[in-house]
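Participant: give the three-dimensional model of this entry:
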Amino acid sequence: GIAAAQPVRWEKRFFAEFLYHERSYKISAQIDLYEKDTKTLWDWKTAKAYAVSKRAKGGQKPEWIAQANIGAELLRRAGYEVQRLVNIVLVKDWSDLKKNGDDHPPCPVVAVEFPIWPAAKVIGYILTKMESHIKALETLPKCTSAETWNGGRCRRWCEASKICDQYQSALKTGILQEAT
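Facilitator: Alright, predicted model coming up:
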């Protein structure tokens, strides 16, 4: 098969279908690099220094871990074995002067390895996310303060802010002000 024919897979989107309440939904993952010899799934990220600092658990961001494990699950479904999950993080604001502190990594390129979840955990995570997306088609969920950056993310980047009751209510009550 295709998994045996090529030693690496670059920049390929993988798809899989999952059943939720007797309906099939297709999800996908963009794979940056799969290395067949080492059975390693690699992903490239850019981040600020703090994201990969000791204080921030060395890059063990929950969303990065989940993304890597979803990619691994889709690769497994396509016939690939995955034994390692690694992000290569390019640190945007790295400074040689700060490299020895707890808030700064020692170099501008950092490899972060993640734990591989059991298949049942990945599938459970996928189904939970699918459920929240399906429910959001009817009613947008309330975002936490952290998710909205206290409204900053809503104002600048959220495409749903124009129809979001939470954001519109915050504007009406004066909690937030429209960006100019």
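Participant: mind checking how far E17 is from F114?
Facilitator: According to C-beta to C-beta, to the nearest Å, E17 and F114 sit 25 Å apart. In this view, the C-beta of every residue, glycine as well, is placed from N, C-alpha and C.
Participant: need the helix or strand of the chain with the lowest average pLDDT.
Facilitator: Least confident helix or strand of the chain, by mean pLDDT, DSSP states H and E, is helix 2-5 with a mean of 50.
Participant: and after that helix, which helix or strand comes next?
Facilitator: Using DSSP states H and E, the helix or strand that follows helix 2-5 in sequence is strand 8-20.
Participant: okay, now the sheet partners of the following helix or strand past that next one, with direction.
Facilitator: Later in the chain than strand 8-20, the nearest helix or strand by DSSP H and E is strand 23-35. Paired strands of strand 23-35, with direction, are strand 8-20 (antiparallel), strand 40-47 (antiparallel) (DSSP bridges).
Participant: can you redo those as TSV with mean neighbour count?
Facilitator: TSV is the format used below for those (neighbours: other C-beta atoms under 10 Å):
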stretch	mean neighbour count
strand 8-20	13
strand 40-47	18
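Participant: could you tell me the least trusted of those strands?
Facilitator: Mean pLDDT per stretch puts strand 8-20 lowest among the strands paired with strand 23-35, at a mean of 89.
Participant: what about that strand, distance to the chain center?
Facilitator: 15 Å (C-alpha atoms, centre = their mean, to the nearest Å).
Participant: could you dump it to CSV, C-alpha only?
Facilitator: What follows is strand 8-20, C-alpha atoms only, in CSV (Å, rounded to 0.1, in the frame of the first residue of the first chain):
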residue,chain,number,x,y,z
VAL,A,8,8.2,10.2,4.3
ARG,A,9,4.9,12.0,3.8
TRP,A,10,5.1,15.8,3.5
GLU,A,11,2.3,18.3,3.8
LYS,A,12,-0.6,15.9,3.3
ARG,A,13,-4.1,16.1,4.6
PHE,A,14,-5.6,12.9,6.0
PHE,A,15,-9.3,12.3,6.4
ALA,A,16,-11.4,9.9,8.5
GLU,A,17,-15.1,9.5,9.1
PHE,A,18,-16.6,9.3,12.6
LEU,A,19,-20.1,8.4,13.6
TYR,A,20,-22.0,10.6,16.0
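Participant: checking my notes, Y167 in a strand, right?
Facilitator: No. Y167 is assigned helix when assessed by DSSP: H, G, I helix; E, B strand; the rest coil, not a strand.
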